[in-house]
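> Fold the following, please.
(chains A and B)
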Amino acid sequence: MSEALAGPLVRVEASADQRLMRAGLWLAGAFLLLALGLPMAVLLSRAFEDQAGHFVGLANFATYVSTPALLRSAWNSVWTAGLAMVIVVPLAFTYAYALTRSRLPFKPLFRAVMLLPILAPSLLPALSLIYLFGNQGMLRWMLPMENIYGAPGIIVAQVFSTFPSAAIILSVALATADARLYEAAEALKAGRARVFATVTLPSARFGLVSAAVVTFTAVVTDFGIPKVIGGQFPVLATDVYKQVVGLQDFNMGAVVGLVLLLPALAAFALQRWAEGKRAATLTGRAVPLVPKARLARDLPLTLFCLAMAGLLVGIVAVAAWGSLIRFWPWNLSLTLDNYDFGRFDSSGWGAVETSIRMALATACIGTAVVFLGAYVMERAPRLTGLDAGLRGAVGLLATVPLAIPGLVLGLAYILFFNHPANPLGFLYGTLAILVLNSLVHFYTVGHLTATTAIRQLDPEFEAVGASLKVPVAETFRRVTLPICLPAILEIWVYLFVNAMTTVSAVIFLYGPATKPASVSVVHMGEAGQASAAAAMACVLLGVAILAKLAQMAVGGLTARATQGWRQR
Amino acid sequence: MRFALIAAGLLAALQLAEAEAQSRTRLTVYTALENEQLAPFKAAAEAAVRDIEIVWVRDSTGVITARLIAERQNPRADVVWGLSVYSLLQMESLEMLEGYTPAGAEALRPNMRSDRSPMTWTGMDAFVSTICFNTAVAAQRNLPRPSTWADLLDPRFRNQVAMPNPSSSGTGFLTVAGWIGSMGEANAWSYMTRLHENAQVYTHSGSAPCNNAARGEYGVGISLDMRAVTLRNQGAPIEVIIPTDGVGFDLEGTAIMRGTRNLDAAKRLADFAVSRPAMEQYGRFYALLAMPGVDATVRNYPPEFAQRLVNVNFRETALQRDRILREWSQRFDGKSAPR
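Presented below is the predicted three-dimensional model:
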């Protein structure tokens, strides 16, 4: 009798977990639909309408294709993004490899420096490049071409700005390795190259594909850099800007926005393909890998990291110096006046406060949403039919934001949230909509980081938990969360710093009392106050560095408790 | 005890101020004015119309116009104060502007106010396209000082000229419209074709040519008058040249948004915007004002400035805008990476 009862009981318990996970999945789906799917649908439907709102089918596309600039812009976007990707991924891989698989000294420092480019608004590297390589630049003699404006400038600046995202993803991918595989390889007398090709690379494959996809799409959709340093070199993202801001033609803007989604869809397919080949690297029996000292590997890697870190610090340092001078390049005397923001922009230092509040909210809410979303997506057991379809849809939606230019997302938010019939209209013009927008805008990298971290955990952990009748929430709290803590902290910082520096979407959404500092930076730059713009960019950078230090402190304090098992 | 009294007094004063603030109608005003204009304009308006409070949303012309049009179904702005007439005409054609003839608007120059009755917009001041000429770069590279647009065709200016892309920037468009207005369309295109030989870059932002000319990236930036003054005050070796062979100009204007929830207050602000005290405020920054007979106090404008303005028919030009821009794109847009 008791035997007969025990069976069904276990099943009931398992299905309670399953219900919880399914509910989570539906919740994640509903959130992404509301904050991303519907606004984008409203905007993209404009691609099929004329200015007056009548349905015109594919007429806008026909007009667009007949514009000679299209193919050129599309090709320019693809080749600059491709080239930037080919440069960034190996650099980021080497850097991440050094961080995770060598005895590189001062690892936390190198880890922090790696993030510098995303800690500062994009105007900062653009200004630096002008100060260094512009026509009056300090290092202009080093330039092989006549000037930096155009494709060379775009590629250099994009390599700089996408390096952190790629490096974060790859260092998470490389962070967890099973030492037994390496021991086995050594016992089998496999050469180093062979071990690298058969053990290291396959375990990082998903991370590599993600990093490549993130870099490529980020370059294709970014318009800030082409706008400042691209000269008149046309790319798809500046075409969107031209249509939306120059011509106020939202229909055409939507058309180009749709074209921009194509690379993202291709990237999504690529990721699915990589997923098919993946396997959990960290099984329940895994033994963490501790790199042994080996000079022949450590010395070159250390030198490489020093060079990379030097470049990153140098670019930021030039801009920091630029914030302290009176007027580049004619009056280089030092001053602190540029930090008296009230003189240049009526919101003054208040904008910095707005930014901090917005970034804190984005990071705290966003980390929970992103990580839980990725978790239920990855771990919801035995999905069938509708649920499996839902998982696919959530996965797709989570990958899409990366491919949406901020401008398009901002416009979509106006059209959707400002609609008189939208019950969420009260959000419009408040800080909440800036938070929601930033959260969604930067969803993808956080999602990929979380997914990469979760996938390296053997589902066995949950299976064991289930068989011990431990609720999945408990397993999540006591196993998944602690093991993934480094990744979670990375996501928090990533969201925080991006919310501090984002411009392109929020420029359409801020209200009279909620103007963020990143927008002030652009305004001061536009008004010809380059030094003041650099100064505020440096303040944002300072805040971001503080956030990063806080993350490192938290990570360090909890490492003993949560990551101790990695040591043998 | 004394402390408590002071505190009570302060509290009462605070409450009074708050009560006054609450009794005032809060007007959301969208604008593309320069930052340094916001505080004086707000103070002047609130002093003249005591029961309103202005809250600004300021951004570049393109961004503000895009926001206004995107918000069309549920307007968030009550009033637009300080926006290009081309944007206002575009909004007028979308039926976004409330018809209202502000008291005293008939006194404005006829070409600087709406020709509808009731009016849909009123002008404030004119701003013109100018040449930002970097004298330090000129000395380095031996460039002559240009005083006309035609001077820019000199081969010595090869790769030294930057101008805003008219598809991305209102400044770029008003410059092109000015050339078409002064030279006639056919000549304007051939002028631009020759200027293209000297152009280093067409930027996406209207202020970038002047900002970068100030940094010495190139010798000549075609931009707006206002911008150059700011840069000069910071110590940039910039000379502001208003070409003598005719310049295109644009108006800044005021309009009430249809659908505003504060129509009465908006009308009072619109009345103020065409009044003499308001014009005197505009005159601190711009030389040519919508109201004749008001003395502009801004310095550094050539005295015969008004005569150099090309006669532009704004409505006509606005209607031609799409065609002109398409033509421009086909001829020059991204023809090649910078040479």
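
> three-state assignment of the residue positioned nearest the centre of chain A?
Nearest to the mean C-alpha position of chain A, counting by Cα atoms, centre = their mean, stands residue A:445 at 3.7 Å. Residue A:445 falls in the helix class when you classify it by DSSP: H, G, I helix; E, B strand; the rest coil.

> how close does residue B:271 sit to chain A?
According to Cβ to the nearest Cβ, to the nearest Å, residue B:271 and chain A sit 22 Å apart. (C-beta placed from N, C-alpha, C; glycine too.)

> ok so, going back, wait, isn't the residue nearest to the centre of chain A in contact with residue A:167?
No: using Cβ atoms under 8 Å, residue A:445 is not in contact with residue A:167, being 11.3 Å away.

> Local confidence estimate at the residue nearest to the centre of chain A?
What the model reports as pLDDT for residue A:445 is 83.

> which residues touch the closest residue to residue A:249 other than its chain neighbours?
Ranked by Cβ to Cβ, 6 or more residues apart in numbering or on different chains and with sequence neighbours excluded, the top spatial neighbour of residue A:249 is residue A:243, at 4.9 Å. Applying Cβ atoms under 8 Å, 6 or more residues apart in numbering or on different chains to residue A:243 gives the contacts A:249, A:250, A:252, A:253, A:255, A:256.

> Tell me the one of those residues nearest residue B:76?
Nearest to residue B:76 among the contacts of residue A:243, counting by Cβ to Cβ, is residue A:250 at 16.9 Å.

> Leaving out sequence neighbours, find the closest residue to that closest one.
Leaving aside its sequence neighbours, residue A:250 sits nearest to residue A:46 (Cβ to Cβ, 6+ apart; 5.3 Å).

> how many neighbours does the one you found have?
Residues lying near residue A:46 (other Cβ atoms under 10 Å in any protein chain shown) number 23.

> Run through the residues that contact it.
Residue A:46 neighbours (Cβ under 8 Å, 6+ apart): A:250, A:251, A:253, A:254, A:415.

> give the contact list for residue B:82.
B:31, B:32, B:33, B:37, B:41, B:124, B:252, B:253, B:254.

> no, scratch that, I was asking about residue B:131
B:146, B:152, B:220, B:221, B:222, B:240, B:241, B:242, B:243.

> 10 Å - rerun?
B:145-149, B:151-152, B:161, B:163, B:209-210, B:213, B:219-223, B:228, B:238-243, B:247 (Cβ atoms under 10 Å, 6 or more residues apart in numbering or on different chains).

> List only those of these flagged as buried.
B:146, B:149, B:151-152, B:161, B:163, B:209-210, B:213, B:219-223, B:228, B:238-243, B:247 (16 or more other Cβ atoms under 10 Å in any protein chain shown).

> and chain A, which of those residues contact it?
B:210, B:219, B:223, B:228, B:238 (Cβ under 10 Å from any Cβ of the partner chain).

> any idea which of the residues you listed is closest to chain A?
The shortest approach to chain A among these belongs to residue B:210, at 6.7 Å (Cβ to the nearest Cβ).

> where do the helices sit along the stretch 151-300 of chain A?
A:151-175, A:179-187, A:192-195, A:201-203, A:205-221, A:224-229, A:236-241, A:250-276, A:295-322 (DSSP state H, counting those that start in this stretch).

> which neighbours do residue A:445 and residue A:167 share?
residue A:211.

> tell me which helix or strand of the chain sits lowest on mean pLDDT?
You didn't pick a chain, so chain A it is. Least confident helix or strand, chain A: helix A:2-32 with a mean of 70, by mean pLDDT, DSSP states H and E.

> which is the next helix or strand following that helix?
Counting by DSSP states H and E, the next helix or strand C-terminal to helix A:2-32 is helix A:38-45.

> for that following helix, what is the average pLDDT?
Mean predicted confidence for helix A:38-45 is 94.
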